[in-house]
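**Q** dropping a prediction and its sequence here:
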Amino acid sequence: MKILSGTSNLKLSKNIAKNLKLKLINTNIRRFADGEIYIEINENIRGNSVFVIQSTSNPANDNLMELLLIIDALKRSSAKTITAVIPYFGYARQDRKVAPRTSISAKVVANLLTNAGANRIVTVDLHAGQIQGFFDMPVDNLFTTPLFSKFIKRKITSKNLVCVSPDMGGVARTRALATRLKADLAIIDKRRPAPGKSQVMNIIGDVKNKSCIIVDDIIDSGGTIVNAVDALKKQGAKEVFVFITHAVLSGEAARKIKNSKIKKLIITDTIDNSSKIKNNNKIEVLSISSLMSEAIKRIANSNSVSDLFN
Ligand code: R5P
């Protein structure tokens, strides 16, 4: 078994390799003057099971293309199996036709990864579970719920907890956390009047004087979360903590969080945000590296991955 890293999140890849007591495969990844990508693998990987770690985060197209070319290089170098480990799976939010003539980007990405030569996908909190069905190969979708619940039990002492889903799509994820914490559940009825804009219509459930835990897969512009926090506070919530797996944090999102009524935003390192969140004392990062290393180890040894979440 060997590990290779793309350039999108080298820090996470190094931590995973360290946990597995492995060295990253010596690889040369360069850009030509016109932006095209060049991949060269500098060691023999013939017959190896190779795990390629690459988040397809911003710049999504470049990072995706880099991943596809790495997979192609591995295939042409006679790797035995190629597992694409994609901590943040970009383009997942377009998982169905939302209007008559739109594309389904998650399916296009699935086809690209398949045709490039991947044999298996490992990812974290996939935006929609059904994307697994876009692939005709195993897809291991890892969950952050145990990581988040452990943190909450250790750090948030309030007994009056309610887990809040910021929209209908996140209810299953939120219910899983509420069950672990033996907490109540509330749901926000969110609408999108225009792309990139969100509006809270109603809050379903009792949040008055409670410590609210919002959980979501992605924070992008920050609009969904900031609006949700404002609405919860207006309904009498005592404090609001937010747990997000993939901190896309586009544009002014990090500043918006800093100026918001959020008590703390806890994110993971599926996306490397070191520079964006420097000096932002409202944001704390929980590393996903142990969970990912353990999952990789179990896959390599043909052991159960789902046991990690029981
Ligand atoms: C949507 O279904 C996702 O789970 C997130 O709620 C959404 O992507 C967040 O976007 P933003 O931060 O731009 O409101």
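**A** Looks like it came in fine. Bear in mind the structure is a predicted one, so any value in this text is a computation, not a measurement.
**Q** with just CA atoms, put the lowest-mean-pLDDT helix or strand in the chain into CSV.
**A** Counting by mean pLDDT, DSSP states H and E, the weakest-scoring helix or strand in the chain turns out to be strand 199-204, with a mean of 89. Only the C-alpha atoms of strand 199-204 are listed here, as CSV (Å, rounded to 0.1, in the frame of the first residue of the first chain):
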residue,chain,number,x,y,z
GLN,A,199,-33.8,33.0,3.6
VAL,A,200,-35.2,31.4,6.8
MET,A,201,-38.9,30.9,6.6
ASN,A,202,-39.7,29.0,9.8
ILE,A,203,-38.0,27.1,12.7
ILE,A,204,-39.6,23.8,13.4
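**Q** residues of this structure that sit close to the ligand?
**A** Proximity of the chain to the ligand is confined to 93, 166-167, 169-170, 198, 216-224 under the rule CB under 6 Å from any ligand atom. (Glycine included, C-beta is placed from N, CA and C.)
**Q** widest-spaced pair of the residues you listed?
**A** 169 and 222 (17.3 Å; CB to CB).
**Q** who's more crowded, the two?
**A** residue 222 (26 against 14; other CB atoms under 10 Å).
**Q** how about the more buried one: what's its closest non-neighbour residue?
**A** Closest residue to residue 222 apart from its sequence neighbours, by CB to CB, 6 or more residues apart in numbering: residue 253 at 3.8 Å.
**Q** give me the neighbour count for the one you found.
**A** Residue 253, neighbours per other CB under 10 Å, totals 22.
**Q** need the pLDDT of it.
**A** Here, the pLDDT recorded for residue 253 equals 96.
**Q** please renumber so the chain begins at 13
**A** All right, first residue 13 from here; so that's residue 265.
**Q** hmm, it is touching residue 230, no?
**A** No: Residue 265 is beyond contact range of residue 230, at 10.8 Å (criterion: CB atoms under 8 Å).
**Q** what residues are shared contacts of these two?
**A** Shared contacts of residue 265 and residue 230, defined by CB atoms under 8 Å, 6 or more residues apart in numbering, are not found at any residue.
**Q** tell me the contacts of residue 282?
**A** Here residue 282 is in contact with 21, 24, 67, 69, 99-100, 136, 257-259, 300 (criterion: CB under 8 Å, 6+ apart).
**Q** what residues of stretch 198-211 count as buried?
**A** By neighbour count on 16 or more other CB atoms under 10 Å, the buried set for stretch 198-211 is 198-200, 202, 210.
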